[in-house]
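*Asks:* structure for the following, please:
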Amino acid sequence: MSATPQPFRAGIVAIIGRANTGKSSLLNAILGEQVSVVSPVAQTTRRPIRGILNEPHLQIVFLDTPGIRRASHNLSSMLNRTARGLVTGADIVLLLLDAARPPQDEDRGWMKKLAAENETIFAILNKTDIGLRRAAYETAWAETIAAQHSRNPKYTPPPLHWFEVSALTGAGLPDLLTALRAAMPESPPLFPQDMLTDDPGPFFIADVIRAQINHRLKKELPHAVAVSVDNITETEAATNVHATIYVEKSSQRPIVIGNQARMIRAIRRASEKELTAIYDKPHKLELWVKVEPNWSRNYWMLKKFGYV
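*Replies:* Numbers count the residues shown, from 1 in each chain. Below is the predicted model:
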């Protein structure tokens, strides 16, 4: 008598939370590859990025979403709407929380939204290598549930499970992955089983360049910069990339270029080094800086950058 074949499981996991809780770092740590750019600057991730974990009889599609922060302009509002919209339909929602800091208003805002949904929640206390304030987050969740009960005595909260991890050291990740595997529904693969990410190459390259700009100019231009990859040509020796850096004001252009073009050369060299390491092939960049007034409020420019 032949053994019953093991069913294939596949599902979608949305990684959400406020800015700088380590969502992109967690995704990269789970996959063992850099598919999402990591930066200390809030909202480095401006597009939902799919990272795909493939194992025998299993596929987990992770959505790395933009971090929620207080909206100060149209771009932030749009990114916040994008992140919130991706929760619906996910099989599991990973709510990333900074274990080293007490709960913030944005954390409570996510808890309030998730408490009103039916998705299973994995509350991920990340950065446990720095500190752990689990009790404060458990209290915040209990207060959220109590508020729901006060409005509706028949309210039933969604299932929530707590995990303590460090995306930096890998602590707690095996237990998290075991729970995710068990939670995936029976389903055929959602993507080809040799695919790591469906993030288009030009957008990823643009993210790498923008992260290098943010690293050097986060105080001067924290959210006023966008990057568009205009052309990519491949040779046996290298990948050649032409990209345009967009700023909103004429006064910002010389900041990006720098005195005697030192700043833009530093951005180019650092981006080339990172891309060469990621793709295991030399990358040569040509960077231009263009002023585009109010690009963050222009739908067609946001579409050009892949944000909508």
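*Asks:* need the strands for the stretch 201-308 of the chain, in chain order.
*Replies:* 226-234, 239-247, 283-291 (DSSP state E, counting those that start in this stretch).
*Asks:* low-confidence ranges, the chain, go.
*Replies:* Along the chain, segments meeting pLDDT under 70 span 1-3, 34-49, 65-86, 197-200, 222-223, 306-308.
*Asks:* and stretch 163-181, which residues are buried?
*Replies:* Neighbour-count burial for stretch 163-181, counted by 16 or more other CB atoms under 10 Å, picks out 163-167, 172-173, 176, 180. C-betas here are computed from N, CA, C, even on glycine.
*Asks:* got the CA coordinates for that stretch in PDB?
*Replies:* The C-alpha coordinates for stretch 163-181 follow below in PDB (Å, rounded to 0.1, in the frame of the first residue of the first chain):
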ATOM      1  CA  PHE A 163       7.400  35.500  19.200                       C
ATOM      2  CA  GLU A 164      10.700  36.900  20.500                       C
ATOM      3  CA  VAL A 165      13.300  37.200  17.700                       C
ATOM      4  CA  SER A 166      16.400  39.000  16.600                       C
ATOM      5  CA  ALA A 167      16.700  39.500  12.800                       C
ATOM      6  CA  LEU A 168      20.300  40.500  13.400                       C
ATOM      7  CA  THR A 169      21.500  37.400  15.300                       C
ATOM      8  CA  GLY A 170      18.900  34.900  14.100                       C
ATOM      9  CA  ALA A 171      17.700  34.200  17.600                       C
ATOM     10  CA  GLY A 172      14.100  32.900  17.600                       C
ATOM     11  CA  LEU A 173      13.800  32.500  13.800                       C
ATOM     12  CA  PRO A 174      13.700  28.700  13.800                       C
ATOM     13  CA  ASP A 175      10.700  28.700  16.100                       C
ATOM     14  CA  LEU A 176       9.000  31.400  14.000                       C
ATOM     15  CA  LEU A 177       9.600  29.500  10.800                       C
ATOM     16  CA  THR A 178       8.200  26.300  12.300                       C
ATOM     17  CA  ALA A 179       5.000  28.100  13.200                       C
ATOM     18  CA  LEU A 180       4.700  29.700   9.800                       C
ATOM     19  CA  ARG A 181       5.100  26.300   8.000                       C
END
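*Asks:* contacts for it, please.
*Replies:* 9, 13, 22, 25-26, 28-30, 55, 58, 60, 92, 99, 122-129, 132, 134, 161 (CB atoms under 8 Å, 6 or more residues apart in numbering).
*Asks:* of those residues, just the buried ones, PyMOL syntax please.
*Replies:* If you want just the buried ones from these in PyMOL, going by 16+ other CB under 10 Å, the selection is:
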select buried, resi 9+13+22+25+26+28+29+30+58+60+92+99+122+123+124+125+126+127+128
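*Asks:* just give me the closest of the buried residues of stretch 163-181 to residue 248.
*Replies:* Using CB to CB, residue 167 is the member of the buried residues of stretch 163-181 that sits closest to residue 248, with 32.7 Å.
*Asks:* work out for me the element that closest one sits within.
*Replies:* Element membership for residue 167 (DSSP states H and E) is empty, with no helix or strand holding it.
*Asks:* distance check, it against residue 22.
*Replies:* Using CB to CB, to the nearest Å, residue 167 is found at 5 Å from residue 22.
*Asks:* quick one on the thing from earlier: ok, so of the buried residues of stretch 163-181, who is nearest residue 88?
*Replies:* Distances from residue 88 to the buried residues of stretch 163-181, taken by CB to CB, are shortest for residue 180, at 19.0 Å.
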